[in-house]
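Novice: got a structure for you, letters missing:
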């Protein structure tokens, strides 16, 4: 049997990692500024994480949610304290798409409505409703194209107000920093007005923090830069440093009803042990603050280079982002410089659209590693 071929792959086999470095099967070291698509939050093979996972799987890795799991309660309490949402409830599942799917389902149960507002260039997942809320017709199958979602321009409050005033919107789902959309930033004034409009129309405000959350922006959640509190927050990716896990943080106004939501694998013993270890490392090593500091350095140095007049700098159109979620927009397709970064300079990055290089490194990225990337980028843009 062959694998179903869905991704174009680089001819590289990664065998091991440590911190922000990975090594292939030929022994070549790479600087990882991609983090497995923002998944590696505390660094590859962190010893505390490895120890927690190993100890847990030696006891019990999984049992169903038909019995109590104290690790779930411990993790919910710790996550509430770390994020500032101690009064919210937590529903644990397996992925970001599943988190968004359940968030929108919960919103519809809450107010009985069926229409969703999402941003243009949004990406919320590949499951049924999550993919419909994703602004990419190439990945929305006919069976998923059910007319539930209206896409609106980012930061255009008049367009969102016009739709919300129709009083038929179930939920608004927002990425406060759009990832796949090219690291586009939501403005504070827009977000605060949107919060007021949702309150006035009994519309549920969902913040998709799957890529931009969990410390990546330099605060625990990216929306916290904008001074709003959403009704529902979705998380995944960095929550368990590579182990499949997702979560939905739910405001107190939502009353749980047995049978509405459910999961087989969600919140299993092994995942909770890993997620608790991730919180330990984030707190003990100050990784949220590290992301803010090193990200600010990267953005500042990239902007200096953009305006320096140095060879290659003319290719940088814009630098945007916050913390360790950074987009470098080029006036040329990203394919050649990104390929050179990987094969010649041995640096992994992500990408968006056709011309944005996307940086999503582990939150433990050091100043020295950031400086190495700045130097390397200059060499490939010559």
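Specialist: Yep, that arrived. Quick caveat: nothing in here was measured; it's all calculated off a predicted structure.
Novice: check contacts around the residue most central in space within the chain.
Specialist: Nearest to the geometric centre of the chain sits residue 211, at 0.6 Å (CA atoms, centre = their mean). Residue 211 makes contacts with 37-38, 96, 175, 177, 179, 237, 325, 360, as judged by CB atoms under 8 Å, 6 or more residues apart in numbering. The C-beta positions use only the backbone N, C-alpha and C, and glycine is treated the same way.
Novice: list buried residues within those residues.
Specialist: Buried by 16 or more other CB atoms under 10 Å: 38, 96, 175, 177, 179, 237, 325, 360, out of the contacts of residue 211.
Novice: what about these, which are in strands?
Specialist: Cross-referencing the buried ones among the contacts of residue 211 against strands under DSSP state E gives 177, 325.
Novice: need the buried ones among the contacts of residue 211 in JSON lines (columns: distance to residue 283).
Specialist: Formatted as JSON lines, the buried ones among the contacts of residue 211 follow (distance: CB to CB, whole Å):
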{"residue": "38", "distance to residue 283": "20"}
{"residue": "96", "distance to residue 283": "23"}
{"residue": "175", "distance to residue 283": "25"}
{"residue": "177", "distance to residue 283": "23"}
{"residue": "179", "distance to residue 283": "25"}
{"residue": "237", "distance to residue 283": "18"}
{"residue": "325", "distance to residue 283": "20"}
{"residue": "360", "distance to residue 283": "21"}
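Novice: can you list the buried ones among the contacts of residue 211 in TSV and add pLDDT and distance to residue 65?
Specialist: What follows is the buried ones among the contacts of residue 211, written out as TSV (pLDDT from 0 to 100; distance: CB to CB, whole Å):
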residue	pLDDT	distance to residue 65
38	97	27
96	98	20
175	98	29
177	98	32
179	96	30
237	98	22
325	98	33
360	98	31
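Novice: mind checking which of the buried ones among the contacts of residue 211 are in helices?
Specialist: Applying DSSP state H to these, the entries found in helices are 38, 96.
Novice: and the buried ones among the contacts of residue 211, which is closest to residue 289?
Specialist: Nearest to residue 289 among the buried ones among the contacts of residue 211 is residue 325, at 15.4 Å by CB to CB.
Novice: and the closest one, how far is that from residue 299?
Specialist: Distance of residue 325 to residue 299, computed by CB to CB, to the nearest Å: 10 Å.
Novice: go on, residue 380?
Specialist: For residue 380, the distance to residue 299 (CB to CB) stands at 19 Å.
Novice: which parts of the stretch 101-250 of the chain are strands?
Specialist: Here the stretch 101-250 of the chain has its strands, by DSSP state E, counting those that start in this stretch, at 115-119, 149-152, 169-174, 177-178, 184-185, 204-208, 232-235, 246-250.
Novice: buried residues, the second one. List them.
Specialist: Neighbour-count burial for strand 149-152, counted by 16+ other CB under 10 Å, picks out 149, 152.
Novice: tell me which other helices or strands that strand touches.
Specialist: Contact analysis of strand 149-152 by 3 or more CB pairs under 8 Å, 6 or more residues apart in numbering; DSSP states H and E lists strand 115-119, helix 157-164 as its packing neighbours.
Novice: hmm, back to that, now distance to residue 342 too, for the strands of the stretch 101-250 of the chain, in CSV please.
Specialist: CSV is the format used below for those (distance: least, CB to CB, whole Å):
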stretch, distance to residue 342
strand 115-119, 30
strand 149-152, 33
strand 169-174, 32
strand 177-178, 24
strand 184-185, 25
strand 204-208, 28
strand 232-235, 29
strand 246-250, 29
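Novice: out of these, the one nearest residue 259 is which?
Specialist: Closest of these to residue 259 is strand 246-250, at 16.1 Å (criterion: CB to CB).
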